[in-house]
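Q: For reference, the sequence and a predicted model appear below.
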Amino acid sequence: MQILDGKKVSEKIVEDLTREVFLIKKNIERIPRLDVILVGDDFGSIKYVNMKEKKAVEVGIDVKVHHLDEKTETEEVTKLIKSLNDDETVDGIMVQLPLPDQIDTNVVLETISPEKDVDGLTPTNLGKLFQGDKSAIAPATPIGIMELFKYYKINLSSKNVVLLGASEIVGKPLIAMLLNDHATVTVCNSYTKNAPDVCRQADILVSAVGIPLYVNKDFIKKDCIVIDVGSNKHPQTGQLVGDVDVEDVVDIVSYITPVPGGVGPMTIASLLLNLMHCYHDRQGNREFN
Ligand code: GUN
């Protein structure tokens, strides 16, 4: 079994971005800026936002986190987004999901200017992604997964890829990206009958269900490549674990992403890659894209 080392690959991306931002600063050009909107005090969301902020600062990007009260209404969030859309110093706007129930997430997302949509979640960018338009900004987690395939030279053409989970952030955009690379894609959701049987057809299995250690050897055919998007608290130990029971599948899989150190750091690095694309587009530096 080989590890798909997201920590290592993301560190290389972050190193390159740090050099790029250093040169921007040396040339006394405008510093790239990321604005993150966080509503409420969900423990996981705060943790994610802190990690994104820390990495962006490490790269040299200006970051501003707008932490709004749990009871904030849709209009207040869209008002803030509109002001950031109009602010020339802002290159990227990211709204941490999920939002509290009283907020209409789709209304919030569609307010973000597509040129500043670093998370690739506006209807414009998702639509472009499904049209195979290369100018689409794609969501960070699927980009991170595709970058891992690229780095480890895993060819997707004619591969059977099974996705466990079809979320707006991961599963759905990943369908488009995999199809654009000529994979054969099957998607399971919580209503799928005999999910383990479906998963055993997979050359590549991507699990994004958010259930600790849900995927065991019943789901895996020999030499399957496993991408574990899960980031879960172990019910007994409280430790961070993925969706995959690694001990159970270790002798069957060919490659696997560890948790932590797999998809997570790739997601953060991909968000920053997206931010730099937005920055260069807005600066008119076409050669960077
Ligand atoms: N919540 C968990 N992961 C993500 C992500 O990648 N983007 C956003 N906006 N919210 C998230």
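A: Arrived safely. Numbering: from 1, shown residues only.
Q: For the protein, which residues score under the pLDDT cut-off?
A: 286-289 (pLDDT under 70).
Q: hmm, 90 instead?
A: When residues are selected by pLDDT under 90, those of the chain lie in 43, 235, 285-289.
Q: got the residues of it near the ligand?
A: For the chain, the contact set with the ligand under C-beta under 6 Å from any ligand atom comprises Tyr48, Met94, Val95, Gln96, Leu97, Asp119, Ala140, Thr141, Ile169, Thr267. Where C-beta positions appear, they are placed from N, C-alpha and C, glycine not excepted.
Q: for the fourth one, what are its contacts?
A: Read it as Gln96. Val36, Ile37, Leu38, Val39, Ser45, Tyr48, Val49 (C-beta atoms under 8 Å, 6 or more residues apart in numbering).
Q: Now for the nearest residue to the fourth one once chain neighbours are set aside: which residues touch it?
A: Across the structure, with C-beta to C-beta, 6 or more residues apart in numbering as the measure, the residue nearest Val39 apart from its sequence neighbours is Leu68 (4.6 Å). Under the criterion of C-beta under 8 Å, 6+ apart, the neighbours of Leu68 are Ile37, Leu38, Val39, Gly40, Glu76, Val77, Leu80.
Q: Lys233 bridge partners, please.
A: Listed by DSSP bridges, the beta-bridge partners for Lys233 are Leu240.
Q: for His66, same thing?
A: Ile37.
Q: how many other residues sit next to it?
A: Using other C-beta atoms under 10 Å, His66 has 15 other residues around it.
Q: Would you indicate which residues of stretch 46-62 are buried?
A: Tyr48, Val49, Lys52, Glu53, Lys55, Ala56, Val59, Gly60, Ile61, Asp62 (16 or more other C-beta atoms under 10 Å).
Q: what does stretch 234-242 give?
A: Buried residues in stretch 234-242 (16+ other C-beta under 10 Å): Val241, Gly242.
Q: residues making contact with that stretch?
A: Under C-beta under 8 Å, 6+ apart, the answer for stretch 234-242 is 207, 212-213, 228-233, 257-260, 262.
Q: Recalculate using a threshold of 7 Å.
A: Applying C-beta atoms under 7 Å, 6 or more residues apart in numbering, the contact partners of stretch 234-242 are Pro212, Leu213, Asp228, Gly230, Ser231, Asn232, Lys233, Val259, Pro260.
Q: The ligand: which of those residues is nearest?
A: Nearest to the ligand among the contacts of stretch 234-242, counting by C-beta to the nearest ligand atom, is Ser231 at 8.4 Å.
Q: ok, back up a step: of the residues of the chain next to the ligand, which belong to strands?
A: Judged by DSSP state E, those include Met94, Val95 as members of strands.
Q: Let's have the residues of the chain next to the ligand in TSV, adding distance to Val244.
A: As requested, these are arranged in TSV below (distance: C-beta to C-beta, whole Å):
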residue	distance to Val244
Tyr48	20
Met94	27
Val95	29
Gln96	25
Leu97	23
Asp119	25
Ala140	21
Thr141	16
Ile169	19
Thr267	17
